[in-house]
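> Have a look at this prediction, sequence included:
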Amino acid sequence: MRIASLLLIFFLQTCTALLEEAIVSFNYSSGAVPIYDAKIVHALDTAVGITIAINNLASDWEAITGRRPGTSAYPSNNTQGDSNATSAIIIATYGSRLASELIENGCLGQNSTILEGKREAFTTFIGEECLPGISRALVITGSDMRGTIFGIYTLAEQAGQSP
């Protein structure tokens, strides 16, 4: 009975993982954002739970690449962040000031209304010129705090680091 329960749990986890959107690829793809050296940009007023997930993502990135990415809050004087970064991972929660600015700049594309009224959901989008000093970015937007956190940990998991 116990083994059957464990198998059922494994099966359900495997099925759930199969439904996730593929964010990370280890092969070159035209139009992709190279995130191995990306800085992480988030809202100045990011919730504590999301900040913890962002710090975990930075630690995961360091474990994967050997280099800890820079993080910066937006808006701030340090939007340029790490001068060695060629791209960014922008993390926002739908309805926040940062998400609204990303929508205005066209950096959520058709995904801008997908999260409306949803709970614990996230979406990703590759945007260009989303914020000053950022030419290309992987934008992770959550419908709420938990959705944003799920998006962050899904990125880490698909990159090979167990959250």
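Okay, I see it.
> for the spatially most central residue of the chain, helix, strand, or coil?
Geometric centre of the chain, nearest residue: Ile140, 3.8 Å, by C-alpha atoms, centre = their mean. The three-state label given to Ile140 by DSSP: H, G, I helix; E, B strand; the rest coil is strand.
> ok, the closest residue to it other than its chain neighbours - contacts?
Among residues not flanking Ile140 along the chain, Gly151 sits closest, at 4.1 Å (C-beta to C-beta, 6 or more residues apart in numbering). Bear in mind the C-beta positions are built from the backbone N, C-alpha and C, glycine included. Residues in contact with Gly151, defined by C-beta atoms under 8 Å, 6 or more residues apart in numbering, are 91, 122-124, 140-142.
> Please apply the same query to Ala156.
Contacts of Ala156 by C-beta under 8 Å, 6+ apart are 56-57, 60-61, 163.
> Taking these, tell me the two that lie furthest apart.
Farthest-apart pair in the contacts of Ala156 is Trp61 and Pro163; separation 12.3 Å (C-beta to C-beta).
> more crowded one of the two?
Ranked by neighbour count (other C-beta atoms under 10 Å), Trp61 and Pro163 place Trp61 first, with 23 against 14.
> Which of the three states applies to the residue nearest to the more buried one when sequence neighbours are not counted?
Counting by C-beta to C-beta, 6+ apart, Trp61 lies nearest to Pro69, which is 5.1 Å off, once chain neighbours are set aside. Counting by three-state DSSP, the backbone at Pro69 sits in coil.
> still on that earlier bit, which member of the contacts of Ala156 is positioned nearest Ala43?
Ala43 lies nearest to Leu57 out of the contacts of Ala156, by C-beta to C-beta, at 15.1 Å.
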